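> next come a sequence and a model predicted from it.
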Amino acid sequence: MISNSYRNILVPIDGSKATPKVMESAIKVALLNDAHLDILNVAQVNQIADGYADILALSEDQTLDLVDLVTERLKDLQNEALKAGVKSADIHIRFGNPKQVIARDFPQDHHPDLIVMGRTGLNALERVLVGSVTAYVERFAPCDVLTIRI
């Protein structure tokens, strides 16, 4: 890794078992580059057929509870990064399709130089059906993408 080449690093996390290793790697890269870290969680909003949308939709209270829970977890990760010596770290929650948000929307707003993310957690069949977020981000992100093997 070339020192001081990355100033803004995006680390999208999903709370899976991969999160600690991805965060550890993102923190190391941020420290090597004296970079800012953006920690992002994307709450996926599925488009469900009309007949099921009302049944599966979250209420306003449930959505707020979810945001509060995710915010607390992201704050823990932010504190972990700051305690490790990262100069600055922000947390973000977005709603939408993770592929689109990570590869296009968030970079348009925050201009990361690097995205650090875990390899897909999907099995082969799931990758065929819905596609890998990581593969999509690697293909369409406007910056470098560092994929961490889990």
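Noted; the coordinates are in hand.
> quick one, strands of this structure?
When secondary structure is read from DSSP state E, the chain shows strands at 8-12, 36-43, 88-95, 114-118, 144-148.
> now the ones you listed as JSON lines including distance to M23?
For the C-beta atoms, the positions are set from N, CA and C on the backbone; glycine is no exception. Shown next, in JSON lines, are those (distance: least, CB to CB, whole Å):
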{"stretch": "strand 8-12", "distance to M23": "7"}
{"stretch": "strand 36-43", "distance to M23": "8"}
{"stretch": "strand 88-95", "distance to M23": "10"}
{"stretch": "strand 114-118", "distance to M23": "9"}
{"stretch": "strand 144-148", "distance to M23": "10"}
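> what residue ranges in the protein score low on pLDDT?
Confidence mapping of the chain against pLDDT under 70 gives the ranges 1-4, 45-58, 120-131.
> quick one: the residue nearest to E138 when sequence neighbours are not counted from D105, how far?
In this structure, E138 finds its nearest non-sequential neighbour in V145, 4.9 Å apart by CB to CB, 6 or more residues apart in numbering. V145 is 16 Å from D105, where distance means CB to CB, to the nearest Å.
> for G118, same thing?
20 Å.
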